[in-house]
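Participant: Sharing a model prediction with you, sequence too.
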Amino acid sequence: MLRLDGATVRFGERAVLDAVDLEVAEHEIVCVLGPSGSGKSTLLRAVAGLQVLDGGRVLLGGADQRGVPVHRRGVGLMFQDHQLFPQRDVGGNVAFGLRMRGTGKAEQAERVRELLDLVGLPGAERRSVAALSGGEQQRVALARALAPRPRLLMLDEPLGQLDRGLRERLVVELRQLFGSLGTTVLAVTHDQGEAFALADRVVVMRDGRIAQSGAPVEVWSRPASEFVARFLGFDNVVAARVTGVVADTAWGKIPVPEDSPQGERRLLVRPGGVRLVPREGQPVAGEPAWTVESRTFRGSHVAVRLRPVDGPALDAELPLREAPEEGAAVGVAFRAEDVVVLGDDLP
Amino acid sequence: MAVPVVFFVLFFAWPVVSIVERGLRVDGAWQFGRFGETLSRPEILDVLWFTCWQALASTGLTLLIALPGAYVFARFDFRGKGLLRAVVTVPFVMPTVMVGTAFLALLGRGGLLDGLWGVRLDNTVWAILIAHVFFNYAVVVRTVGGLWAQLDPRQEEAARVLGASRWRAWRTVTLPALAPSVAAAALMVFLFTASSFAVVQILGGSTYSTLETEIYRQTVVRFDLTTAAVLTMVQFAAVGVVLAVHARTVRRRETALKLVAPEETARRPRGIGQWALFAGVLVSVALLIVLPLGVLVERSFATSHGYGFDYYRALQTPDPSGTFLVPLLGTIGNSLRYAVVATLIALVIGGLAAAALTRRAGRLVRGFDALLMLPLGVSAVTVGFGFLITLDEPPFDLRASWILVPLAQALVGVPFVVRTMLPVLRAVDERLREAAAVLGASPWRAWREVDLPLVRRALLIAAGFAFAVSLGEFGATVFIARPDSPTLTVAVARLLGRPGELNYGQAMALSTILMVVCAVSLLLLERLRTERTSGEF
């Protein structure tokens, strides 16, 4: 459906998009995830034709879009702050794209009604957009983008300005909606929760390049690099020398999955993979002694920060019953399936 | 972009260049030596100096008096606002000749002030300055007030919450947002007062003379085209410099603004301070604008045997002296027809230019921006005379055509349209257009669907301005209006130029009618605005 071949955009010397290759299949929902400034909004603008490429190609349905003006690309774009037309009412906003395509009046009204039902705002045609709440504006913007049946729908931080509860609910609704409509979606967000909940495939961007691409579970369980790991919120990263199924680190010897890359590596330990073991007598030679630095109650679990005598702190997630008091001296064991040997960051 | 350029070249550049050429090229050789010669004459230097400082003083005084007015119109909601807005705009469309006369009746010998307190201000700079404020009050109120009414008051509230005093919040938040439109208004006032003609001629007497009156004197009275051409060039250069400076300052300050519906920002005045400000503005409007207009109306009824409609009745009968071929009442129809056509031309040309200027950037476009303002600062006398000598031969033999008059009038209207629309157009969020484009709107369609509805208010204001200046235009029209269909302003000037109580009274009566016509059309425009927008917000 959509293909980017070495798409490059430069602002002055800086490459905001650096030879990006990306494919989105028909009916697929792809979420581009990245910190602000990683070039993800520029990616959308380039596909929409709002940003001219300095290199590479954008193909939609196999056709090169070079020289095709924005209004003939047949894509939909939902802006970050919605950009509803203030001088039109809700119905006027949703019908806009249909009017541009010369759809008949009766058909317009029918489609507007259909879409407002779909986004959960039935009968809102005559309402002023200024009087809508943030969530309602978001729904109207979505209905407006969907109305002309774009072949590709792009969403720029679709839920960015909404509060958390609404966001979590809408994400589920959106996924169901796109699934039932069979819409091809390319969304960008900086919120990993949103991306994982919405997408069939997640693309992590960094400095205008793609750092990792894959199904949410895959990206979550096997971050490709330290950047991706840290962006996903994992801070248990440590230098390691991997030999066979054992890694030698400042946190002691850690078991790693089979077939892990060997040699000098960075190692990620998921907090859930840390277990506490009772300390029996004197510490074993070569095993570090751990002290509980802090414990934070997180509802379903307790986040415990462990400090070795020497080396970086280690975060662990423990069931409430097992969590030790602050200052307690403990021993630590690791589960191999929660350990990931990371690849190199891109230069 | 192409249409405005062609219009501009054909109907402004060509006539002006031709007339300058006629003055400066003798026997096929350019006589640039005449520059130094002319400019070293002390009386010419005096003229230049006076032109400059009176224009600066007039502009300063106008801003001082009119900015509070702009605030009141933008932020306060009160009964009769539309009427009052129309009232303050009326002076702007009065023929300059008439304004001069009205102020003479107020400030001069035997005038109201003379009769009451023995104060006479004619032949002083004060009379000129006050008349200029009278004239340009509406320019500031309309340009600045139009944008002010659409500024989101919550911006100021945000500043207040962050600890800024009321004054500080205004100075740091509102003023910078208004700056482009204040600068635009100030520039217009400066150009108007610098090229003010009849006011200076009548109120300044023989004591004061500006560049404009001097060009007229050299062209029409002394037939010294060479000196006139030199002065025109000087005027050109000066206007060019002013415009360049203006373009620089405005460009640095123009930012995308968040605009809201004007109906949402207006409140009834609250508290002593606001009521005092409101009252102050009303008093200044009464003294400055209503009083001179009132004197004018009064004179139109004051016949030798008490008050009556004698002068009005005389307008319906053919002129006994034969100066006018038709009853004078017919001039009203002529004026209105010309003004409507001129407004349409100005809106099309100015609208296209403004749209092109928002869409494109670059040195060339900015240069064009400034160029469009030139007709405001360049002598109408030169333009009118230039029309006569250039557009009289094929392929543009328009001298006998009625279209010549609206064309000349539109030339003055275009800068208004561009100036009023540009700040608002530039304040439209670019991403709204992008949203429209993504939804399938071509650039032209996006302009129509997104920009136009947002700037409709500005467009109507611009139309009002263009209509008004067309109605009141005198300097160029007097050269090119055909004798069998003179405009109202031309008729007034001719009547004033002739002795006799009847002529004077008829002039006053015609001016009163012009005033009423303007007030009514402006009121209709206001009505149109509220009707159209009330359904949308």
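Facilitator: Received it, and whenever you're ready, just let me know what you need.

Participant: Which strand or helix spans the closest residue to residue A:48 other than its chain neighbours?
Facilitator: Spatial nearest neighbour of residue A:48, excluding adjacent residues (Cβ to Cβ, 6 or more residues apart in numbering or on different chains): residue A:77 at 5.0 Å. All C-beta spots, glycine's among them, are computed from the backbone N, C-alpha and C. Assigned by DSSP states H and E, residue A:77 belongs to strand A:75-78.

Participant: Could you tell me the average pLDDT over that strand, please?
Facilitator: The pLDDT scores in strand A:75-78 average 90.

Participant: Give me the sheet partners of that strand and which way each runs.
Facilitator: Neighbouring strands of strand A:75-78 in its sheet, by DSSP bridges, are strand A:152-156 (parallel).

Participant: hang on, the earlier thing: can you pull the contacts of the residue nearest to residue A:48?
Facilitator: Applying Cβ atoms under 8 Å, 6 or more residues apart in numbering or on different chains, we find residue A:77 in contact with A:44, A:48, A:50, A:145, A:153-156, B:434-435, B:438.

Participant: With residue B:230 instead?
Facilitator: Each residue near residue B:230 by Cβ under 8 Å, 6+ apart is listed here: B:23-24, B:34-35, B:38-39.

Participant: Equivalent analysis for residue B:219, please.
Facilitator: By Cβ under 8 Å, 6+ apart, the contact list for residue B:219 reads B:225, B:228, B:381-382, B:385.

Participant: Just those residues: which are in helices?
Facilitator: B:225, B:228, B:381-382, B:385 (DSSP state H).

Participant: ok, which pair from the residues you listed is furthest apart?
Facilitator: Of all pairs drawn from the ones in helices among the contacts of residue B:219, the greatest distance, 11.8 Å, lies between B:225 and B:381 (Cβ to Cβ).

Participant: okay, those two: which has more neighbours?
Facilitator: Under the neighbour definition other Cβ atoms under 10 Å in any protein chain shown, residue B:225 and residue B:381 were set side by side, and residue B:381 has more, 26 against 17.

Participant: Residue A:131: how many residues sit nearby?
Facilitator: Neighbours of residue A:131 under the rule other Cβ under 10 Å: 10.

Participant: quick one, phi psi at it?
Facilitator: phi -90, psi 0 (degrees, to the nearest 10).

Participant: With residue B:3 instead?
Facilitator: phi -60, psi -50.

Participant: how about a markdown table for the contacts of residue A:77, with pLDDT added?
Facilitator: Formatted as a markdown table, the contacts of residue A:77 follow (pLDDT from 0 to 100):
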| residue | pLDDT |
| --- | --- |
| A:44 | 91 |
| A:48 | 90 |
| A:50 | 86 |
| A:145 | 91 |
| A:153 | 93 |
| A:154 | 93 |
| A:155 | 92 |
| A:156 | 89 |
| B:434 | 88 |
| B:435 | 89 |
| B:438 | 88 |
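
Participant: what pairs with the residue nearest to residue A:48 across the strands?
Facilitator: Applying DSSP bridges to residue A:77 yields these beta-bridge partners: residue A:154.

Participant: Tell me how far it lies from residue B:102.
Facilitator: Residue A:77 sits at a distance of 58 Å from residue B:102 (criterion: Cβ to Cβ, to the nearest Å).

Participant: Residue A:269 now?
Facilitator: With Cβ to Cβ as the criterion, residue A:269 and residue B:102 are 90 Å apart.

Participant: Now for the residue in the stretch 1-150 of chain B that chain A sits nearest to, how many residues are close by?
Facilitator: Minimum separation of the stretch 1-150 of chain B from chain A (Cβ to the nearest Cβ) falls at residue B:150, amounting to 11.1 Å. Counted with other Cβ under 10 Å, residues neighbouring residue B:150 total 21.

Participant: Need phi/psi at it.
Facilitator: Torsion angles, degrees, to the nearest 10, at residue B:150: phi -100, psi 0.

Participant: Spell out, range by range, the helices that occur in chain A.
Facilitator: A:40-48, A:90-100, A:105-118, A:134-146, A:164-181, A:192-198, A:216-221, A:226-231.

Participant: Just give me how far the first one sits from the chain centre.
Facilitator: Read that as helix A:40-48. Put simply, helix A:40-48 sits 16 Å off its chain's centre (Cα atoms, centre = their mean, to the nearest Å).

Participant: could you check the angle strand A:152-156 makes with it?
Facilitator: Angle of helix A:40-48 versus strand A:152-156, following axes from the mean of the first three to the mean of the last three Cα atoms, to 10 degrees, is 150 degrees.

Participant: helices or strands up against helix A:40-48?
Facilitator: Other helices and strands packing on helix A:40-48, by 3 or more Cβ pairs under 8 Å, 6 or more residues apart in numbering or on different chains; DSSP states H and E, are strand A:2-11, strand A:14-24, strand A:29-33, strand A:55-60, strand A:75-78, strand A:152-156, strand A:185-189.

Participant: The second one now?
Facilitator: Contact partners of helix A:90-100 among helices and strands, from 3+ Cβ pairs under 8 Å, 6+ apart: helix A:105-118, helix A:134-146.

Participant: Contacts for stretch A:63-74, please.
Facilitator: The contact list for stretch A:63-74 (Cβ under 8 Å, 6+ apart) reads A:47-50, A:53, A:57-60, A:100, A:148, A:150-152, B:434, B:437-443, B:445-446.

Participant: what's the answer for stretch B:421-428, then?
Facilitator: So stretch B:421-428 is contacted by B:146-147, B:150, B:180-181, B:184, B:254, B:256-257, B:259, B:350-351, B:354-355, B:357-358, B:369, B:450-451, B:454-455, B:457-459, B:462 (Cβ under 8 Å, 6+ apart).

Participant: Excluding chain neighbours, give the residue nearest to residue A:192 in space.
Facilitator: Per Cβ to Cβ, 6+ apart, closest to residue A:192 is residue A:232, 5.6 Å.

Participant: Would you enumerate the residues in contact with that neighbour?
Facilitator: Residue A:232 neighbours (Cβ under 8 Å, 6+ apart): A:192, A:219-220, A:223.
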